[in-house]
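> predicted model follows, preceded by the sequence.
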Amino acid sequence: MKKSFFTQNLMRWNKDANRREMPWKNEKDPYKIWLSEIILQQTRVEQGWNYYLRFIKAFPGISKLANSNEQKVFKLWEGLGYYSRCKNLIATAKLIEEQYAGRFPGDYDKLLALPGIGPYTAAAIASFAFNQPKAVVDGNVIRVLSRFKGIDVPADSLSGKKLFNELAQQFLDKENPGIYNQAIMDFGATVCKPRNPTCDICILRKRCNAFLTGRANDLPVKEKKITKKIRWLYYFIMIYKGKVYIRKRTNKDIWHNLHEFVLIETKKAITPGNWLQVAGLKQLINPEYAIVSSTSRIYTQQLTHQTIHGQFIEIRLQIPLKANLGYDAIPLGKLHDYPLPKFMITYLEEKNVNLRNG
Ligand code: SF4
């Protein structure tokens, strides 16, 4: 079948000019492809790179991952964020081990049924590992296609999603789906970039609608504007006799399964004053037997749908916590054994508490 101008030129560019290197590139092992794709969901390549290498070293095969201590897996994931990915990683590893005898299914629909695997990841595994003709559709692909075809239908609308899926499948090189899928994503990341695409050296410019109409920086279009929820997290580092109180986050919320210090959450900032009198602390401590030894600056972390602000207040206790509310006292030196949110790690690293090596 004759390939389109788009497909032919993209494949030629890939052969002659694509210099993008990544440790998982050209990988054929579905386990490693899956691992890299889960890490790369909501994570930049540069950030995910070392995590991928660390995971492959710790868990060279799916059996090792499926049978590993969950806390160890979460510890290795620490700092990557979006921890539901890690939870799904463990669930899928166990499922593959038990139901598929440790081998990934090559079928797109079976891949799609696994925890944490959506259409993009299923298409990536199916095409890279099993040469299945399934087009990937991610932000890079949408950008390249919307510009090349001059499509201003919002990519996040129902009709936009359908349109881009069909177009991606239509342009796919059905004989070399894995190579094509990687090529279009690399092209989007290095040539047809979100800002200032290098149209002057682009092999598609002759027929690129956005280039010919001067709209490259205006496409693609998005429908929804995300409104972010604002949360204030006040972490009280309660220290008693060389031990610190922590608990595991078990609610359906951010940082599920990670550990944290004593937390008081508010919708608005607390006016700095007497920290020992903060509402909610009374049931835990007796202010007469507690001393505030330090307060941190305000920290901020942006998540996709939330902005987290917060502060760390270190308190020396002369008597243990009154009620434990799920908090356990652990030796300060053991803190590094527990997976913690990046928000807390940033603070601890600034305080020179070395968590990775203990
Ligand atoms: Fe993207 Fe510019 Fe190439 Fe069009 S000409 S595909 S906008 S880099």
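Good, I have the coordinates.

> pLDDT weak spots in this structure?
Along the chain, segments meeting pLDDT under 70 span 353-358.

> can you give the domain ranges for it?
Residue ranges for the domains of the chain, per automatic domain parsing: 5-218, 229-350.

> not counting residues beside it along the chain, what's closest to residue 31?
Once flanking residues are discounted, residue 31 sits nearest to residue 62: 4.9 Å by CB to CB, 6 or more residues apart in numbering. Quick note: C-beta positions are derived from backbone N, CA and C, even for glycine.

> surely that neighbour is in contact with residue 93?
Yes: using CB atoms under 8 Å, residue 62 is in contact with residue 93, at 5.4 Å.

> neighbour count: the two, which is higher?
Applying other CB atoms under 10 Å to residue 62 and residue 93 shows that residue 93 carries more neighbours, namely 26 against 23.

> so who does the more buried one touch?
Applying CB atoms under 8 Å, 6 or more residues apart in numbering to residue 93 gives the contacts 62, 65-66.

> as JSON lines, these with distance to residue 34 would be great.
As requested, those are exported to JSON lines (distance: CB to CB, whole Å):
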{"residue": "62", "distance to residue 34": "9"}
{"residue": "65", "distance to residue 34": "10"}
{"residue": "66", "distance to residue 34": "13"}
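
> closest to residue 112 among those residues?
Nearest to residue 112, judged by CB to CB, of the contacts of residue 93 is residue 62 at 18.1 Å.

> quick one: contacts for that closest one?
31, 93, 96-97, 102, 104.

> can you tell me how far it is from residue 68?
11 Å (CB to CB, to the nearest Å).

> can you give me the strands for the stretch 201-350 of the chain?
Counting by DSSP state E, counting those that start in this stretch, the stretch 201-350 of the chain has strands at residues 229-240, 243-248, 259-260, 262-266, 290-295, 299-302, 306-317, 328-331.

> for the fourth one, packing partners?
Secondary structure elements in contact with strand 262-266, counted by 3 or more CB pairs under 8 Å, 6 or more residues apart in numbering; DSSP states H and E, are strand 229-240.

> the strand it packs on to strand 290-295, inter-axis angle?
Here strand 229-240 runs at 120 degrees with respect to strand 290-295, directions being taken by axes from the mean of the first three to the mean of the last three CA atoms, to 10 degrees.

> ok so, going back, okay, the strands of the stretch 201-350 of the chain in TSV with mean neighbour count next?
As requested, the strands of the stretch 201-350 of the chain are arranged in TSV below (neighbours: other CB atoms under 10 Å):
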stretch	mean neighbour count
strand 229-240	19
strand 243-248	19
strand 259-260	20
strand 262-266	17
strand 290-295	14
strand 299-302	14
strand 306-317	19
strand 328-331	14
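
> isn't residue 89 up against residue 74?
No: Residue 89 is beyond contact range of residue 74, at 9.8 Å (criterion: CB under 8 Å).
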